[in-house]
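K.L.:
Turn this into a structure:
(one chain, ligands or ions: 1)
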Amino acid sequence: MNHEQSRALYDRALSVMPGGVNSSVRAVRPYPFFVQKGDGGHVIDADGNRYIDYVMGYGPLLLGHDMPESVQSAVQRHAAEGPMYGAPTEVEVELAEFVARHVPGVEMTRFVNSGTEATVSAVRLARGYTGRDKIVVMQSGYHGAQESTLVEGEGDHTAPSSPGIPESFAEHTLTIPFNDREAARELFAEHGDDIAAVLTEPILGNYGIVHPVEGFHETLRELCDDHGSLLIFDEVITGFRVGGLQCAQGKFDIDPDITTFGKIVGGGFPVAAVGGKSEIIEQFTPAGDVFQSGTYSGHPVGMAAGLETLRYVAENDVYSRVNGLAEDLRSGLQDILEDRAPEYTVVGTDSMFKVVFTRDAPDSFEGHCEAGCTQREECSRYDHCPKNGHDVTQAETERWERLFWPAMKEQGVFLTANQFESQFVCDAHTDADIEETLEAYKTAI
Ligand code: PLP
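P.N.:
Okay, the predicted model is just below:
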């Protein structure tokens, strides 16, 4: 493959943008390819190379790169009528109604512009609603580029994970390992009366795809109820992907107080949301006192894209097709690993998948995980599925980044550049794409 144009663009970019990119995950060694355009389930780079795309914008593109006719015409109409107004529009109400109709834990929604803004606002809302400062997050969870959740450490011994964040933020953020019910109970026993909220992804999607073991979310729900704390589900990745239109909370039958959305809810445009029970969401200004505001919030073009995308998904049985393709891919990968690299693991559910370059997950959890595999006895993967961030940390990240990712790219398959982030099958992928991808994995592994 020729990459001359991409290399030249990267050289230019390095002079005017830090690291040559606008989001750090895009900077791959020795240089990223620059995208010229998308085409269904593929992207074409600046040198004309074509790749089967499983990055899918890091999650927003459930339908792939070609917007259905209904989405395209709604986007064009709203852009042509004047991009935005600083006054409310009908399409915001329609999207909020759609979300409330389908997502069990949502009665009301406040739209924002990014997943980060959604989790920042959700944390402020929980603190405002409860009058408490502390939040609990999962070790190795990710909730965007925000001060309160960029922490490292364990329990109440935490510190900011990035320069530029005052220590005082971390003082209010406690951590537990995902899936560790005992650690959750201990933390609540000590700090329960000060905890405003537990913030967790229903499935860790930024750290190797880690599924909840049976009873983990139920334990969090119970602890929050017993201590007057709120349960916040960060469904920025899982929302409208895992569990279909009901999202992961529907799949796992858990009723969070607050839910954050991003990615798919905007159909590829910068839209995100904080949803939940009216009594809580109405604490946002101007109905309540918890300040929240945004020039671009509820942007009509993004609202139209999100609404028409979700309507298309609802009317076209997208989930059964896309999840079926992903299952074909996961089981094909499973066969390849059994044959060639039994030290690695296939993870994922619905349309999410990843090969994690480790198999060191300790068999230390009671119960079974709630991925595609539901019963421990019946699941060949269970013992080796990572159960928390620590398990995933064993992964051979160097080998992934230095050897595996470039080997897949050179065969025309675009995967997430690090070992941790989920990859996504989309509705525009075909059986032929899956077959070609499996062949490429076989060679690269
Ligand atoms: N929450 C989760 C679970 C995410 O995966 C992400 C981003 O990947 C965010 C929040 C932040 O979203 P954004 O990048 O739109 O700010």
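K.L.:
interface residues of the chain facing the ligand?
P.N.:
58, 114-116, 119, 142-144, 201, 205-206, 234, 236-237, 262, 272 (CB under 6 Å from any ligand atom). C-betas here are computed from N, CA, C, even on glycine.
K.L.:
any idea which of those is closest to the ligand?
P.N.:
residue 115 (2.2 Å; CB to the nearest ligand atom).
K.L.:
got a list of what that closest one touches?
P.N.:
143-144, 234, 236, 260-263, 272 (CB atoms under 8 Å, 6 or more residues apart in numbering).
K.L.:
Pull the contacting residues for the nearest residue to it once chain neighbours are set aside.
P.N.:
For residue 115, ignoring the flanking residues on the chain, the nearest one in space by CB to CB, 6 or more residues apart in numbering is residue 262 at 3.2 Å. Contacts of residue 262 were listed using CB under 8 Å, 6+ apart, and they are 59-60, 114-115, 118, 236-237, 239, 271-273.
K.L.:
Got a PyMOL select line for the buried ones in those residues?
P.N.:
Only the buried entries of the contacts of residue 262 go into this PyMOL selection, using 16 or more other CB atoms under 10 Å:
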select buried, resi 59+60+114+115+118+236+237+239+271+272+273
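K.L.:
now, which of the contacts of residue 262 lie within helices?
P.N.:
Among the contacts of residue 262, DSSP state H puts 115, 118 in helices.
K.L.:
which outside residues touch stretch 39-46?
P.N.:
Outside stretch 39-46, the residues within contact range by CB under 8 Å, 6+ apart are 3, 5-6, 9, 33-38, 50-53, 64-66, 414, 426, 428-430, 433.
K.L.:
Could I get the contacting residues of residue 63?
P.N.:
Contacts for residue 63 (CB under 8 Å, 6+ apart) come out as 71, 267, 309, 312-313, 318, 426-428.
K.L.:
Nearest to the ligand, out of those residues: which one, please.
P.N.:
The ligand has its nearest neighbour among the contacts of residue 63 in residue 267, at 13.7 Å by CB to the nearest ligand atom.
K.L.:
centre of the chain versus stretch 150-169, how much separation?
P.N.:
Centroid displacement of stretch 150-169 relative to its chain, using CA atoms, centre = their mean, to the nearest Å, is 22 Å.
K.L.:
contacts for it?
P.N.:
137, 139, 147-148, 170-171, 173-176, 183, 186-187, 190-191.
K.L.:
and the two most separated of those residues?
P.N.:
147 and 186 (25.5 Å; CB to CB).
K.L.:
could you pull out the helices for the stretch 201-350 of the chain?
P.N.:
216-227, 247-252, 278-281, 300-315, 318-340 (DSSP state H, counting those that start in this stretch).
K.L.:
where are the low-confidence patches of the stretch 251-400 of the chain?
P.N.:
Across the stretch 251-400 of the chain, the ranges flagged by pLDDT under 70 are 361-384.
K.L.:
By neighbour count, which of the contacts of stretch 150-169 wins?
P.N.:
In terms of neighbours by other CB atoms under 10 Å, the contacts of stretch 150-169 top out with residue 137 at 27 neighbours.
K.L.:
Can you tell me the SS state at residue 355?
P.N.:
The local conformation at residue 355, judged by DSSP: H, G, I helix; E, B strand; the rest coil, is strand.
K.L.:
For it, name its beta-bridge partners.
P.N.:
Residue 355 has the following beta-bridge partners by DSSP bridges: residue 346.
K.L.:
ok, the residue in the stretch 301-445 of the chain that the ligand sits nearest to - contacts?
P.N.:
With CB to the nearest ligand atom as the measure, residue 421 is the residue of the stretch 301-445 of the chain nearest to the ligand, at 7.7 Å. Counting by CB under 8 Å, 6+ apart, residue 421 makes contact with 25, 58, 205-206, 354.
K.L.:
Pipe these into a markdown table and attach neighbour count per row.
P.N.:
Converted to a markdown table, these look like this (neighbours: other CB atoms under 10 Å):
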| residue | neighbour count |
| --- | --- |
| 25 | 15 |
| 58 | 20 |
| 205 | 29 |
| 206 | 25 |
| 354 | 26 |
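K.L.:
For residue 360, state which of those is nearest.
P.N.:
Closest to residue 360, out of all of these and judged by CB to CB, is residue 354, at 15.6 Å.
K.L.:
burial of residue 26, as a residue count?
P.N.:
Using other CB under 10 Å: residue 26 sits among 14 other residues.
K.L.:
Would you check that it makes contact with residue 32?
P.N.:
Yes. Taking contacts as CB atoms under 8 Å, residue 26 lies within contact range of residue 32: 5.6 Å.
K.L.:
overlap in contacts of these two?
P.N.:
Counting by CB under 8 Å, 6+ apart, the residues touching both residue 26 and residue 32 are residue 417.
K.L.:
Which residues does stretch 307-326 contact?
P.N.:
Residues outside stretch 307-326 that contact it (CB under 8 Å, 6+ apart): 62-63, 67-68, 70-71, 74-75, 91, 94-95, 98, 102, 240, 244-245, 264-265, 267-268, 348, 350-353, 425-427, 429, 431, 434.
K.L.:
Figure out the length between the terminal residues of that stretch.
P.N.:
Start-to-end span of stretch 307-326 (CA to CA, to the nearest Å) is 24 Å.
K.L.:
buried stuff in that stretch?
P.N.:
307-314, 318-319, 322-323, 325-326.
K.L.:
same thing with stretch 422-441?
P.N.:
Within stretch 422-441, the residues that qualify as buried are 422-429, 433-434, 437-438, 440-441, counting by 16+ other CB under 10 Å.
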